[in-house]
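Engineer: Predicted model and sequence below, questions to follow.
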Amino acid sequence: MKLENLIDFEWYNEPENVVLSNNEMKITAHPKTDFWQSQHHKIKKDNAHFFFKRIDGNFVFSLKWRMSETDSFKQCGLMVRADERNWFKASVMAKDSFKPELGTCLTVAGHSDWAGTVLKKAPEEIFYKIERLGDDFVCFYSFHGQKYVRLRQFYLPTLNEKIKVGAYIASPQEQPFEAVLSDLDLTTF
């Protein structure tokens, strides 16, 4: 990962173990971390790790994650965030390794939803891209970084502030989770 691409990025809930090398960032998520707001599950979590940049205006942002496991709801993906009650995330996760899902979560006014589709197998790497036009967003994914498929289109109230966009990683259960982030790219317009 080119260091010049990381200018003005910052951490929300910075992890203890981050290693930069060979244009990549290896990140270890703490156990019992997540971004989730649900009255149904009686969970309000806002303690996962988010590496982001604040942006005014419209943009296209993309990144790549490489991981070796997705069980126990371990997850790494893309996030856009107005504040702790208004955000979106996309990732691959699974209760167990036999049923990985590619899913999205949109949280508005402190209420999270979940939309996912079961994959045949967990990918070893995945690319995400998100486009912003005002308060409208379109999220895409790719398993090879070539052809992107639309995953979700949504509206997110940005509360007239700079939106935060970047990569997140979480490990909701008892074990830490390690994944490798690379290929961050941002274009504003």
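Structural biologist: Structure received. Residues are numbered from 1 along each chain as shown.

Engineer: how near is the nearest residue in space to Phe50 that is not next to it in sequence to Lys147?
Structural biologist: Using CB to CB, 6 or more residues apart in numbering and skipping residues adjacent in sequence, the residue nearest Phe50 is Tyr12, 4.1 Å away. (Glycine included, C-beta is placed from N, CA and C.) Taking CB to CB, to the nearest Å as the measure, Tyr12 falls 31 Å from Lys147.

Engineer: Give me the contacts around the helix or strand hosting Thr187.
Structural biologist: Secondary structure assigned from DSSP states H and E places Thr187 in strand 177-188. With contact meaning CB atoms under 8 Å, 6 or more residues apart in numbering, strand 177-188 is reached by 1, 5-6, 9, 23-29, 51, 53, 55, 57-69, 74-76, 127, 145, 165-167, 169-171.

Engineer: so what's the residue minimising distance to the centre of the chain up against?
Structural biologist: With distances taken as CA atoms, centre = their mean, the residue of the chain nearest its centroid is Leu78 (2.5 Å). Counting by CB under 8 Å, 6+ apart, Leu78 makes contact with 61, 63, 89-91, 128-130, 139, 165-168.

Engineer: Next: Lys121.
Structural biologist: Counted by CB under 8 Å, 6+ apart, Lys121 has contacts Pro100.
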